[in-house]
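> Here you go, sequence then predicted model.
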Amino acid sequence: MSPNIGITPKNLKKSASILATILSNEMTLYVKTRKFHWNISGNSFMELHKLFEEQYRILEANIDEVAERINQLGEKTIGTMKEFIDNSTLKESPKEYASQKNMLSELLENHEQLVTEFRDYIPVFENETNDIGSADFVTGLLQATRKNGVDSEKISGVKKKEK
C-alpha cells in the first residue's frame, strides 16, 4: 500500500530505488570496514581496530535508518548480499588484504564517493520526485558521512592520491 503523502506512486518508487542504492553502498562499506577491522595488524593495531569498530557501528545504524525510510515510502527493502552487490556503486576487493595506509585510503575514497553521490541525489529528491523528506534524510546522511569518514582526522590525515 502506497502512503498518501503527496508523492506519486511512480516517484515513490524512484525515491525508494535511489535509497536502495544508498543502502547497498552503506552495506558494502560496512562489510569492507568489518573486513579491515578483522584483518588489521601492525604498529597502529589497537587505534585502527577501535576506529574501524566505531565506523562500522555508525554504518550499521545508518543501514537500519535507510531501510526504514524505504519502508516508509511503501516499498520493500532489499536484503541479500547479491542485491546489495548488484545495486552498489562502491567496489569490493575480494581476496585482497591491504596495508594500514591502503585501508585508510580506500575507506576515505569510499566515504568521499558517498558524499558526492548524496549531493547528486538530493536535487533529484527535491526536484524530480518531490520527496523533500528523503532529500532531508539524505542531507543528514551526507553530514554524518562527512563527520564519520571524510572529516575524520584519523582517516583524512592519510595522504590521498592526487586526482
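Okay, I see it. Numbering: from 1, shown residues only.
> so who does the residue positioned nearest the centre of the chain touch?
With distances taken as CA atoms, centre = their mean, the chain has Glu26 as the residue nearest its mean C-alpha position (3.0 Å). Shown in contact with Glu26 (CB atoms under 8 Å, 6 or more residues apart in numbering): Leu59, Asn62, Ile63, Val66, Leu114. Where you see a C-beta, it was placed from the backbone N, CA and C, and this is true even at glycine.
> What degree of burial does the fourth one show, as a neighbour count?
Burial of Val66, expressed as a neighbour count using other CB atoms under 10 Å, amounts to 23.
> I'd say it and Thr21 touch.
No: Val66 lies out of contact with Thr21 (CB atoms under 8 Å); the separation is 9.8 Å.
> just how off-centre is the one helix or strand Lys14 maps to within its chain?
Here Lys14, judged by DSSP states H and E, is contained in helix 9-39. The chain centroid and the centroid of helix 9-39 are separated by 5 Å, computed with CA atoms, centre = their mean, to the nearest Å.
> buried stuff in that helix?
11-16, 18-37 (16 or more other CB atoms under 10 Å).
> Then stretch 116-125?
Those would be Glu117, Phe118, Tyr121, Ile122, Val124, Phe125, for stretch 116-125 by 16+ other CB under 10 Å.
> distance of the last one from Leu29?
It refers to Phe125. 21 Å (CB to CB, to the nearest Å).
> In this structure Phe125 contacts Ala135, no?
Yes: Phe125 is within contact range of Ala135, at 3.8 Å (criterion: CB under 8 Å).
> show me the contacts for Ile63.
Applying CB under 8 Å, 6+ apart, the residues near Ile63 are Leu23, Glu26, Met27, Tyr30.
> Need the nearest residue in space to the first one, chain neighbours excluded.
Here the nearest residue to Leu23 in space, its sequence neighbours aside, is Val66; by CB to CB, 6 or more residues apart in numbering that works out to 4.5 Å.
> The one you found and Tyr56: what is the separation?
15 Å.
> related to what we said a few turns ago, could you check the angle the next helix or strand after the helix holding Lys14 makes with helix 9-39?
Next helix or strand after helix 9-39 toward the C-terminus (DSSP H and E): helix 45-72. With axes from the mean of the first three to the mean of the last three CA atoms, to 10 degrees defining the directions, helix 45-72 sits at 160 degrees from helix 9-39.
> what's in contact with the helix or strand following helix 45-72?
Per DSSP H and E, the first helix or strand lying C-terminal to helix 45-72 is helix 81-87. For helix 81-87, the surrounding residues in contact (CB under 8 Å, 6+ apart) are Ala20, Thr21, Leu23, Ser24, Met27, Thr28, Ile78, Glu92.
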